[in-house]
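> Dropping the sequence and predicted coords here.
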Amino acid sequence: LSSVEQGIVAALRKERNKPLPALGEYLEAAQGAARELGRNPGDTQAREDYNFAVARVLGTLKQSKIDAWTRPLSVPAPGGGYILSVKRDPRPHWNPLLYTFVPADEFDVKGKYVNDRTIKDGLGAPIVAIGREMTKDSKENFTPPRAFYGVTAVIRFEGRRAIISLEDPLATERVSLDGRSFPLAANFTVPLAVMLASVNPKMYEIPRLLRPEKFEETARITRLQPYDPDKTVVLVIHGLMDSPATWTPMINTLRGDEQVRKNFQFWIYSYPSGYPYPYSAAILRREIDAVKKKFPLKKPMAVVGHSMGGCISRLLITDTGDKVWTGIFGKSPAETNIPPDSKKLLSDATIFRARPEVGRVIFISAPLRGSDMARNPLGRLGSTFVKSPAALLGAGRDALKVVTFHGDDLKIKRMPNSVDTLAPNNRFVRAINTVPIRPGIPYHVISGDRGKGGNKDQTAPVMSDGIVPYWSSHLDGAQSELVVPSDHGAHQNPKAIEEMKRILKLHAQR
């Protein structure tokens with residue numbers, strides 16, 4: 001073993017019972033490895049030793065609850081003591097006292113959404129910064145309720161002074177050490193996995209479908225990283241009976257691409273999926289208005305919608321006028337005699353103008369013309385279990401006083417819920433598909449095919465992902481269209497993620 005590695009072994013033996021001397025051994029090892037890197041920046045063993053020693057410094061501080069965050073810490077070491085301190089960041093949300101810092105290599109992550117690891121080789125120890133408390137004003141600031149964020153720790157030495165800096169790998173690509181420049185190491189998977197394990201979003205997917213009013217506070221935009229006005233927003237929208245967790249494989253993979261990191265920041269729109277999707281689209285518009293006041297958009301955002309999220313996305317790039325309203329009620333809003341509160345709610349959910357903030361949309365497995373599963377007996381039975389909010393039920397009762405059903409309507413005696421608004425014979429679905437997408441906004445289609453389709457004479461494809469058939473997800477005028485071998489989770493398919501990467505890089509050139 002080299003002297004650096006011998007120091008690490010000695011520190012590992014002391015870490016539990018003598019944490020302060022162990023810190024000194026780790027700092028000696030990190031400084032020794034830094035000297036080796038100064039002489040030979042390509043020495044991968046020295047880099048690995050440095051990264052491991054830095055990770056153990058952070059791990060020992062956490063495990064032993066030693067305070068190096070509020071004031072410099074004197075650390076004994078074989079070659080003479082160190083003064084360990086932290087490089088301060090003036091931004092309030094980067095105050096290290098707000099977080100617990102855990103080395104990423106201490107987590108054994110696994111699960112449905114984190115089978116693949118996305119890491120970046122380089123200098124530094126990937127760390128998960130976990131908020132000590134729930135984030136105050138998270139809804140108003142469009143942040144997660146609790147912080148789970150990936151940073152990378154680097155320790156620089158000025159003689160016997162050791163200074164910890166916490167770098168953001170989504171904002172910083174390279175760092176310097178002893179006058180040499182190195183790629184900044186990163187682990188993009190572990191912070192997402194730790195967040196998923198903490199909040200367990202699967203637990204709420206069915207309740208948010210069946211009892212949406214109970215979860216109305218979850219209808220919101222959330223920023224997954226600090227706001228950067230020079231980066232284009234990618235807004236992702238999940239589908240029916242789903243949650244933001246469904247985007248983990250895609251975001252995890254895309255963050256591994258330097259060009260994506262340089263040009264884009266990821267936001268999510270989550271909502272109780274029991275709402276009829278036009279109502280969820282109306283809430284999203286209000287969220288966009290609110291988020292712009294705090295975080296102005298310098299560049300048109302790219303919107304990615306999966307499944308019912310694609311239907312919501314379509315309404316962001318559509319000018320309906322009162323055509324959809326008239327298609328539903330058979331008369332204009334002015335001629336429709338219903339109470340003002342109900343008219344306002346129904347207007348918000350049927351009259352849309354294309355949003356100027358949106359510069360591109362990617363539809364993935366989107367049932368834009370509906371899905372037969374929503375109108376078959378099983379779908380109709382499932383629809384009866386979805387309990388609509390009181391405001392929608394009231395508006396629905398007012399609407400039913402003036403709506404005359406046609407023979408191909410669902411003939412429900414209430415306001416349609418999310419399952420109803422995915423049926424091909426739903427009145428809104430029929431009406432919105434008579435309205436073209438606003439010209440000048442590029443859009444793309446990605447569909448899944450399980451490979452089980454084909455009509456009798458094989459003259460045309462009959463493709464489906466098992467939930468959404470190709471005839472529903474296809475859109476004339478799309479700038480590109482890709483069918484990937486996948487079930488309904490096409491947004492997690494590797495070929496679809498590569499296509500997303502291609503489209504985003506195309507968008508970055510605008």
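Yep, it's here. Numbers count the residues shown, from 1 in each chain.

> need the contact list for the closest residue to residue 329 other than its chain neighbours.
Distance criterion C-beta to C-beta, 6 or more residues apart in numbering; nearest residue to residue 329, sequence neighbours excluded, is residue 336 at 5.0 Å. Where you see a C-beta, it was placed from the backbone N, CA and C, and this is true even at glycine. Residues near residue 336 by C-beta atoms under 8 Å, 6 or more residues apart in numbering: 325, 329, 343, 402.

> Cross those against helices and list the overlap.
325, 329, 343 (DSSP state H).

> Tell me if I'm right that the last one and residue 332 touch.
No - under the contact definition of C-beta atoms under 8 Å, residue 343 does not touch residue 332, with a separation of 11.6 Å.

> quick one: which of the two has more around it?
residue 343 (18 against 12; other C-beta atoms under 10 Å).

> So that one versus residue 396, what's the distance?
13 Å (C-beta to C-beta, to the nearest Å).

> now swap in residue 496 and tell me
With C-beta to C-beta as the criterion, residue 496 and residue 396 are 36 Å apart.

> Dump the ones in helices among the contacts of residue 336 to a markdown table, plus pLDDT.
Putting these into a markdown table (pLDDT from 0 to 100) gives the following:
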| residue | pLDDT |
| --- | --- |
| 325 | 91 |
| 329 | 86 |
| 343 | 92 |
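
> what are the ranges of the strands in the stretch 151-300 of the chain?
161-167, 174-177, 180-183, 186-187, 220-223, 232-237, 264-270 (DSSP state E, counting those that start in this stretch).

> CSV please, covering the ones you listed and showing mean pLDDT, distance to residue 360 and mean neighbour count.
Formatted as CSV, the strands of the stretch 151-300 of the chain follow (pLDDT from 0 to 100; distance: least, C-beta to C-beta, whole Å; neighbours: other C-beta atoms under 10 Å):
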stretch, mean pLDDT, distance to residue 360, mean neighbour count
strand 161-167, 97, 31, 19
strand 174-177, 97, 30, 16
strand 180-183, 97, 30, 15
strand 186-187, 98, 27, 26
strand 220-223, 96, 18, 20
strand 232-237, 98, 9, 26
strand 264-270, 97, 12, 23
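
> Tell me which of those lies nearest to residue 68.
Distance to residue 68, taken as C-beta to C-beta, is lowest for strand 161-167 among the strands of the stretch 151-300 of the chain, at 7.3 Å.

> Listing partners with orientation, what would you give for the closest one?
Partners of strand 161-167 in the sheet, by DSSP bridges, are strand 82-86 (parallel), strand 148-158 (antiparallel).

> could I get stretch 1-8 in PDB with only the CA atoms?
Taking C-alpha atoms only, stretch 1-8 is exported to PDB below (Å, rounded to 0.1, in the frame of the first residue of the first chain):
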ATOM      1  CA  LEU A   1       0.000   0.000   0.000                       C
ATOM      2  CA  SER A   2       1.100   3.500  -0.700                       C
ATOM      3  CA  SER A   3       1.600   5.900   2.300                       C
ATOM      4  CA  VAL A   4      -1.800   7.600   1.400                       C
ATOM      5  CA  GLU A   5      -3.600   4.200   1.400                       C
ATOM      6  CA  GLN A   6      -1.900   3.300   4.700                       C
ATOM      7  CA  GLY A   7      -3.200   6.500   6.200                       C
ATOM      8  CA  ILE A   8      -6.700   5.700   5.000                       C
END
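
> quick one on the thing from earlier: can you flag the buried ones in the contacts of residue 336?
Among those, the ones that count as buried by 16 or more other C-beta atoms under 10 Å are 325, 329, 343.

> Now flag whichever of the residues you listed is closest to residue 315.
Nearest to residue 315 among the buried ones among the contacts of residue 336, with distances taken as C-beta to C-beta, is residue 325, at 13.5 Å.

> Pick the one among the buried ones among the contacts of residue 336 closest to residue 142.
With C-beta to C-beta as the yardstick, the closest approach to residue 142 among the buried ones among the contacts of residue 336 comes from residue 343, at 30.0 Å.

> mind listing what that closest one touches?
By C-beta under 8 Å, 6+ apart, residue 343 lies in contact with 333, 336.

> how about a cut-off of 10 Å?
325, 333-334, 336-337, 395, 398-399 (C-beta atoms under 10 Å, 6 or more residues apart in numbering).
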